[in-house]
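A.B. asks: Prediction below, plus the sequence it came from.
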Amino acid sequence: MAEDLHIGSGSKEEQYLSLLPQIKGLISGEPDLVANLANIAAALKEQFHFFWVGFYLVKEDELVLGPFQGPVACTRIRKGRGVCGTSWSQANTVVVPDVEKFPGHIACSSISKSEIVVPLFKNNEVWGVLDVDSDQYNSFDETDAQFLKEIVALIP
Ligand code: SME
């Protein structure tokens, strides 16, 4: 398929509905993990202009920075630390409307105001997380959680 994204308009749900099949097309038939994570991060950034979107991957007892779009970020996060490490240890999506109110939030950038972290599963084990940061408060809700879960479920 052509490597250009059609930018959807309308509600958040309509934008995700436009993006989802395009991400499916981008990664289908491509077995390389880094290539797929890089394109997912880029597609989310292009569609929603999130401040930061990217992946952290479990390596031994830490999360290590993977493909992302946005400003430079912290490279290593311990299990249970910050929003990412909490999502990993709880094996659950974490939505943070105001990062300053999340105990232990790791501020890679003071510009980030709200955040959502979605764990990546293989055989019921978390092998990484998708982290999305916004420069606005209250950017993420159940719609983001549902669609981001659907998007990461596409990763082979
Ligand atoms: N805020 C995250 C750290 C990663 S950056 O936002 C890119 C956290 O608390 O885990």
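C.D. replies: Yep, that arrived.
A.B. asks: any idea how far residue 9 is from residue 19?
C.D. replies: According to Cβ to Cβ, to the nearest Å, residue 9 and residue 19 sit 11 Å apart. Every residue, glycine included, has its C-beta placed from N, CA and C.
A.B. asks: and if you look at residue 61?
C.D. replies: 33 Å.
A.B. asks: In this structure, mark out all the strands, start to finish.
C.D. replies: Remark: strands assigned in the chain by DSSP state E are 52-59, 62-69, 76-78, 94-96, 114-122, 125-134.
A.B. asks: Including mean neighbour count, could these go into TSV?
C.D. replies: As requested, these are exported to TSV (neighbours: other Cβ atoms under 10 Å):
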stretch	mean neighbour count
strand 52-59	21
strand 62-69	19
strand 76-78	16
strand 94-96	22
strand 114-122	21
strand 125-134	22
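A.B. asks: Using JSON lines, lay out those strands together with mean pLDDT.
C.D. replies: As requested, the strands of the chain are exported to JSON lines (pLDDT from 0 to 100):
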{"stretch": "strand 52-59", "mean pLDDT": "98"}
{"stretch": "strand 62-69", "mean pLDDT": "98"}
{"stretch": "strand 76-78", "mean pLDDT": "98"}
{"stretch": "strand 94-96", "mean pLDDT": "98"}
{"stretch": "strand 114-122", "mean pLDDT": "98"}
{"stretch": "strand 125-134", "mean pLDDT": "98"}
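A.B. asks: Can I get those strands in CSV including distance to the ligand?
C.D. replies: Formatted as CSV, the strands of the chain follow (distance: least, Cβ to the nearest ligand atom, whole Å):
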stretch, distance to the ligand
strand 52-59, 5
strand 62-69, 7
strand 76-78, 5
strand 94-96, 8
strand 114-122, 6
strand 125-134, 5
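A.B. asks: before we move on, the earlier item: higher neighbour count, residue 61 and residue 19?
C.D. replies: Using other Cβ atoms under 10 Å as the criterion, residue 61 and residue 19 rank with residue 19 on top: 22 against 8.
A.B. asks: Residue 124 and residue 147, how far apart?
C.D. replies: Computed as Cβ to Cβ, the residue 124 to residue 147 distance reads 22 Å.
A.B. asks: what about those two, which has more around it?
C.D. replies: Neighbours per residue (other Cβ under 10 Å) separate residue 124 from residue 147, with residue 147 holding more: 19 against 6.
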